[in-house]
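1. Here's a sequence, model it:
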Amino acid sequence: RVLIVDDDAAIVEMLTDLLGRDGRFEVKSASTGFDAGAMTKEFKPDIVLLDYMLPDINGNLVCRRIREDANLSRTRIIIVSGAVAQDELESLRAAGADDFFKKPFDVQKLIARIAELLHG
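-> Just a heads-up that it's a prediction; the model follows:
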């Protein structure tokens with residue numbers, strides 16, 4: 001179960017399509033941090049693909065909220081973003097992110113990493 005959290009509709013559509021066609025994943029999406037919080041509790045994703053810069057909240061807070069929820073202790077988080085400084089990367093890892101992909105990213109590498117985190 002993969003939850004895509006991004007305010008860029010084109011990226012959400014592309015990832016939903018590719019992951020859906022892959023056949024191994026059940027995919028849902030959210031475009032704000034608020035929706036991501038609600039959807040995470042309801043959908044209980046195994047992995048969250050999280051855009052760092054959301055319109056209402058940053059990725060750190062979403063990471064922390066997921067990590068604070070005992071029901072989501074096995075959920076993996078991959079941050080996907082265009083511009084993140086090195087110190088922000090360290091704070092994302094501290095907040096609980098499992099990995100980071102810089103936009104534009106290689107979709108096949110991302111799918112391989114999702115599979116690795118889920119089954120590794």
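2. helix/strand/coil for residue 42?
-> Look at residue 42: counting by DSSP: H, G, I helix; E, B strand; the rest coil, its state is helix.
3. Residue 75 - how many residues pack around it?
-> When neighbours are defined as other C-beta atoms under 10 Å, residue 75 has 19 of them. Backbone N, C-alpha and C define where each C-beta goes, glycine included.
4. Relative to residue 64, how far out is it?
-> Distance, residue 75 to residue 64, by C-beta to C-beta, to the nearest Å: 13 Å.
5. what does residue 78 give?
-> 16 Å.
6. Looking at these two, which is more packed in?
-> Between residue 78 and residue 64, counting by other C-beta under 10 Å, residue 78 is the more crowded of the two (19 against 13).
7. OK, contacts around the closest residue to residue 9 other than its chain neighbours?
-> Counting by C-beta to C-beta, 6 or more residues apart in numbering, residue 31 is the residue found nearest to residue 9 once chain neighbours are left out, at 7.5 Å. Contact partners of residue 31, counting by C-beta atoms under 8 Å, 6 or more residues apart in numbering, are 5, 6, 7, 9, 12, 54, 55.
8. which one of those residues is nearest residue 69?
-> Distances from residue 69 to the contacts of residue 31, taken as C-beta to C-beta, are shortest for residue 5 (15.1 Å).
9. Can you name the residues that contact the closest one?
-> So residue 5 contacts 29-31, 33, 35-36, 39, 48-51, 54, 62 (C-beta under 8 Å, 6+ apart).
10. Show me what the helix or strand where residue 17 lies is packed up against.
-> Using DSSP states H and E, residue 17 sits in helix 9-22. Contact partners of helix 9-22 among helices and strands, from 3 or more C-beta pairs under 8 Å, 6 or more residues apart in numbering; DSSP states H and E: strand 2-5, strand 27-30, helix 107-119.
11. residues of the second one that come out buried?
-> In this case it means strand 27-30. Across strand 27-30, burial judged by 16 or more other C-beta atoms under 10 Å covers 27, 29, 30.
12. Now do the least confident helix or strand in the chain by mean pLDDT: everything it contacts.
-> The helix or strand of the chain with the lowest confidence, counting by mean pLDDT, DSSP states H and E, is helix 86-95 at a mean of 85. The contact list for helix 86-95 (C-beta under 8 Å, 6+ apart) reads 52, 59, 60, 61, 63, 64, 67, 79, 84, 100.
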